[in-house]
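Enquirer: Have a look at this prediction, sequence included:
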There are 2 protein chains.
Amino acid sequence: MQTFSELATQFSAYFNKEHFPQTPQSLYDPARYFLGLGGKRVRPVACLMGNELFDDLKGDTWNVAVAIELFHNFTLIHDDIMDKAPLRRNQPTVHHKYGESTALLAGDVMLVAAYEYLNKITVPVASKIVNLFNKSAKEVCEGQQLDMDFEQSLDVDFDAYLHMINLKTSVLLGGSLQMGALLGGAGARNQNLIYEFGRKLGLAFQVQDDYLDAFGDPEKFGKQTGGDIMANKKTFLLIHALQTATAVQRQELNALLQTNTPDKVHGVLKMFQQCGVDAWAVELKERYLQEALQHLDDIAVVSKRKEPLKQLALFLIQREH
Amino acid sequence: MQTFSELATQFSAYFNKEHFPQTPQSLYDPARYFLGLGGKRVRPVACLMGNELFDDLKGDTWNVAVAIELFHNFTLIHDDIMDKAPLRRNQPTVHHKYGESTALLAGDVMLVAAYEYLNKITVPVASKIVNLFNKSAKEVCEGQQLDMDFEQSLDVDFDAYLHMINLKTSVLLGGSLQMGALLGGAGARNQNLIYEFGRKLGLAFQVQDDYLDAFGDPEKFGKQTGGDIMANKKTFLLIHALQTATAVQRQELNALLQTNTPDKVHGVLKMFQQCGVDAWAVELKERYLQEALQHLDDIAVVSKRKEPLKQLALFLIQREH
């Protein structure tokens, strides 16, 4: 039973090895470069924690955790191409540094490498693990497609947005925990509960992310706020504002969305506040967090074992920001 | 024991089913569209034939064959993005019809679908099959990267080009046959021989492809010749011409490569003939074909069973063109 940060340290050391052949360097150096940019490694560590909730860590769980992290990085490399993002973790993205075609292939080969790790596991539930992995993988692709579809759409309702976020960011966290739990010997009910814990936690995290981009303290947030607003990105906040605004407010908000001046952020934030979006988002985040914790509570395991997962939830949902 | 065309008909019927969820349509319609464009299904049928060389067809072999065909189509969708190709099988490519981002994701999700089929197989050698699949998958990505690297390079020697072609087109044919053989119960030596049969056959096929693009009869070839020459594509012919030309010829050939006029094709073909590239290519193709057939001969199975694979080789290497 270890904390998130203890396991994260162990996982980072374990993950920090060679995952690819040496040549061709023109393909594998970009893949290595991206993995070297780091990250919080939340999903693979969640997998380890899912295992530890029920039993001692299994050797196979490390392979699954590595596969999850490689998969996650594959999605980031490809998402960055689609989003034409120049930076990731303050460093050039793969396509920016090496070109789009190489980034595409480096992502592809990283996904194959993920399946190489999955194919190392030897437990009887191996096939169930791969099923869960594939299900999450497809859903993440579906979420990314819906996210792109929504960029082209003026009229996205809350349920559609929630469905997209669920696929794009929540199912992999839930799935990572569930795969770990399955490896730890959890039964179907407990697996389902830990999956829902992760899924709701993912939703709470996304609400927070959207909130901080609008209302966060730039110093604590680590980057300039208002990026989503300037990019007209659909967020929990914008969707809710458009749904609850009066006809006059909606007209004003839509007019602001057409502009691209520096005071756009200020104007949209004012509209958000008029619509009560800020308080609503804080409440929504808290609700998802409580639902997540309730699922964790319901898992049939002594509560002491749940402490690290509770800490993970509170670490991800940093209330002080 | 069935012929290539008998098995191809059966496989096409088997493959012509729903491989994806209905929604989101914006993701899965493009994937369905591409599979609907058809193809010769050479690799999956090679997998079935590899099985039948050694034993009756296993149910699992159909799943592996589907996985191979999905993988192959995934590579085509992504290659078309990288090559900025507007057409595939005389129809718009996925990125041309649906946009690059959707094509990228449709390819990704098709690769995941391939692994879903692989995860259905239950034989004791399942893990070995996935290993072979992953090895081929990585090598195909490596070949594609090398192909792109060579586009930027003026000086590609024969061995480097052969290595690239081997990865990009040969290993998947060899691997498909080997996976089938493994499912049919072949031992290590026979597996290796059938793999080499496929690999050499792939090389012969590529030499023929390069040859027909330069010297083929457009009516029989089904498309205008000279496309590779206009695009300055590295081919067996160009590499050999540059290596065997005299200093004067090489200068003339390099000068022609700099041009973009309609008589470029005629000029380069004349140089090819001066360097004896046409006869050399016919000989090289024949050598690879004979090496392939020799490997087939060496497989420890009664020769009657090898007849369909021999026919496949002669079908792919159509000498009359």
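Expert: Thanks, I have the structure now. Numbering: from 1, shown residues only, chains lettered A, B, ... in the order given.

Enquirer: And residue A:278, how far from residue A:250?
Expert: Distance of residue A:278 to residue A:250, given as Cβ to Cβ, to the nearest Å: 18 Å. The C-beta positions use only the backbone N, C-alpha and C, and glycine is treated the same way.

Enquirer: Repeat that for residue A:39.
Expert: Taking Cβ to Cβ as the criterion, residue A:39 is separated from residue A:250 by 38 Å.

Enquirer: Over to residue A:176?
Expert: 39 Å.

Enquirer: If you count surrounding residues, which of those two has more?
Expert: residue A:176 (31 against 16; other Cβ atoms under 10 Å in any protein chain shown).

Enquirer: and the next element down the chain from the helix or strand containing the more buried one?
Expert: Residue A:176 is located in helix A:171-183, with elements delineated by DSSP states H and E. Counting by DSSP H and E, the element after helix A:171-183 in chain order, helix or strand, is helix A:188-215.

Enquirer: tell me the average confidence for that next one?
Expert: For helix A:188-215, mean pLDDT is 97.

Enquirer: Can you give me the buried ones in that helix?
Expert: The neighbour-count check on helix A:188-215 (16 or more other Cβ atoms under 10 Å in any protein chain shown) flags A:190-215 as buried.

Enquirer: what's the answer for stretch A:1-11, then?
Expert: Buried positions in stretch A:1-11, judged by neighbour count with 16+ other Cβ under 10 Å: A:4, A:7, A:8, A:11.

Enquirer: ok, back up a step: hmm, the helix holding residue A:176 in reach of chain B?
Expert: No - Helix A:171-183 lies out of reach of chain B by Cβ under 8 Å from any Cβ of the partner chain, never closer than 12.8 Å.

Enquirer: name the helices or strands packed onto that helix?
Expert: helix A:42-54, helix A:59-83, helix A:126-151, helix A:188-215 (3 or more Cβ pairs under 8 Å, 6 or more residues apart in numbering or on different chains; DSSP states H and E).

Enquirer: and the shortest one, how far out from the chain's middle?
Expert: On the basis of Cα atoms, centre = their mean, to the nearest Å, helix A:42-54 sits 15 Å off its chain's mean C-alpha point.

Enquirer: you'd agree residue A:274 is up against residue A:250?
Expert: No - look at residue A:274 against residue A:250 with Cβ atoms under 8 Å: they stay out of range, at 11.2 Å.

Enquirer: contact partners of stretch A:208-224?
Expert: A:225-229, A:235-237, A:269, A:272, A:278, A:281-282, A:285, A:317-318, A:320-321 (Cβ atoms under 8 Å, 6 or more residues apart in numbering or on different chains).

Enquirer: again, only using 6 Å
Expert: A:225, A:227, A:228, A:235, A:236, A:237, A:278, A:281, A:285, A:317, A:321 (Cβ atoms under 6 Å, 6 or more residues apart in numbering or on different chains).

Enquirer: Kindly report the same for stretch A:7-22.
Expert: Against stretch A:7-22 from outside (Cβ under 6 Å, 6+ apart): A:28, A:31, A:41, A:44, A:45, A:48, A:113.

Enquirer: what about the closest residue to residue A:264 other than its chain neighbours, distance to chain B?
Expert: Excluding the flanking residues, the one nearest residue A:264 by Cβ to Cβ, 6 or more residues apart in numbering or on different chains is residue A:256, at 6.0 Å. Residue A:256 sits 27 Å away from chain B, taking Cβ to the nearest Cβ, to the nearest Å as the criterion.

Enquirer: For the residue positioned nearest the centre of chain A, give me its contacts.
Expert: The centroid of chain A falls nearest to residue A:169 when counting by Cα atoms, centre = their mean (4.0 Å). Counting by Cβ under 6 Å, 6+ apart, residue A:169 touches A:202, A:206.

Enquirer: one more time with 8 Å
Expert: Neighbouring residues of residue A:169 by Cβ under 8 Å, 6+ apart: A:143, A:202, A:205, A:206.

Enquirer: joint contacts of residue A:274 and residue A:250?
Expert: Counting by Cβ under 8 Å, 6+ apart, nothing touches both residue A:274 and residue A:250.

Enquirer: Surely the residue nearest to residue A:264 touches residue A:272?
Expert: No - if you go by Cβ under 8 Å, residue A:256 and residue A:272 don't touch, sitting 10.6 Å apart.

Enquirer: and those two? which has more neighbours close in?
Expert: residue A:272 (24 against 19).

Enquirer: so who does that one touch?
Expert: By Cβ under 8 Å, 6+ apart, the residues touching residue A:272 are A:214, A:237, A:241, A:278.

Enquirer: Assumed it was part of a helix.
Expert: Yes - the assignment for residue A:272 by DSSP: H, G, I helix; E, B strand; the rest coil puts it in a helix.

Enquirer: And it, how far from chain B?
Expert: In this view, residue A:272 and chain B are 29 Å apart by Cβ to the nearest Cβ.

Enquirer: Next one, pLDDT for that residue please.
Expert: For residue A:272, the model assigns a pLDDT of 96.

Enquirer: roughly how far apart are it and residue A:280?
Expert: Residue A:272 is 9 Å from residue A:280, by Cβ to Cβ.

Enquirer: Equivalent analysis for residue A:182, please.
Expert: 36 Å.

Enquirer: Show me the shaky parts of chain A.
Expert: A:221-223, A:319-321 (pLDDT under 70).

Enquirer: Chain B contacts on that one?
Expert: Going by Cβ under 8 Å from any Cβ, the residues of chain A near chain B are A:21, A:24, A:26-27, A:78, A:81-82, A:100-102, A:104-105, A:107-109, A:111-113, A:115-116, A:119, A:127, A:130-131, A:134, A:137-138, A:141-142, A:144-146, A:148-149.

Enquirer: any idea which element the residue lying closest to residue A:213 once chain neighbours are set aside lies in?
Expert: Distance criterion Cβ to Cβ, 6+ apart; nearest residue to residue A:213, sequence neighbours excluded, is residue A:228 at 4.6 Å. If you go by DSSP H and E, residue A:228 is part of helix A:227-230.

Enquirer: Please pull up the helix or strand immediately following that helix.
Expert: helix A:236-244.

Enquirer: And that next one, what does it pack against?
Expert: So helix A:236-244, by 3+ Cβ pairs under 8 Å, 6+ apart, packs with helix A:158-165, helix A:188-215, helix A:247-258, helix A:264-274, helix A:277-298.

Enquirer: Using JSON lines, please lay out those helices together with distance to residue B:58.
Expert: Formatted as JSON lines, the helices and strands packed on helix A:236-244 follow (distance: least, Cβ to Cβ, whole Å):
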{"stretch": "helix A:158-165", "distance to residue B:58": "40"}
{"stretch": "helix A:188-215", "distance to residue B:58": "31"}
{"stretch": "helix A:247-258", "distance to residue B:58": "58"}
{"stretch": "helix A:264-274", "distance to residue B:58": "61"}
{"stretch": "helix A:277-298", "distance to residue B:58": "42"}
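
Enquirer: So which of these is nearest residue A:35?
Expert: Checking the helices and strands packed on helix A:236-244 against residue A:35 by Cβ to Cβ gives helix A:188-215 as the closest, at 22.5 Å.

Enquirer: ok, the residue at the greatest distance from the centre of chain A to residue A:275 distance?
Expert: Among residues of chain A, the one most distant from the C-alpha centroid is residue A:248; the distance is 35.4 Å, by Cα atoms, centre = their mean. Distance of residue A:248 to residue A:275, given as Cβ to Cβ: 12 Å.

Enquirer: same deal with residue A:155?
Expert: Distance from residue A:155 to residue A:275, by Cβ to Cβ: 17 Å.

Enquirer: Please identify which of these two sits among more neighbours.
Expert: Between residue A:155 and residue A:275, residue A:275 has the larger neighbour count (other Cβ under 10 Å), namely 20 against 7.

Enquirer: List the residues that contact that one.
Expert: A:240, A:241, A:244, A:245, A:249.

Enquirer: Compare the residues you listed and tell me which is most surrounded.
Expert: With neighbours set by other Cβ under 10 Å, the maximum within those is found at residue A:241, which has 22 neighbours.

Enquirer: From residue A:49, how far out is that one?
Expert: From residue A:241 across to residue A:49, the span is 36 Å (Cβ to Cβ).

Enquirer: Fine, thanks again, bye for now.
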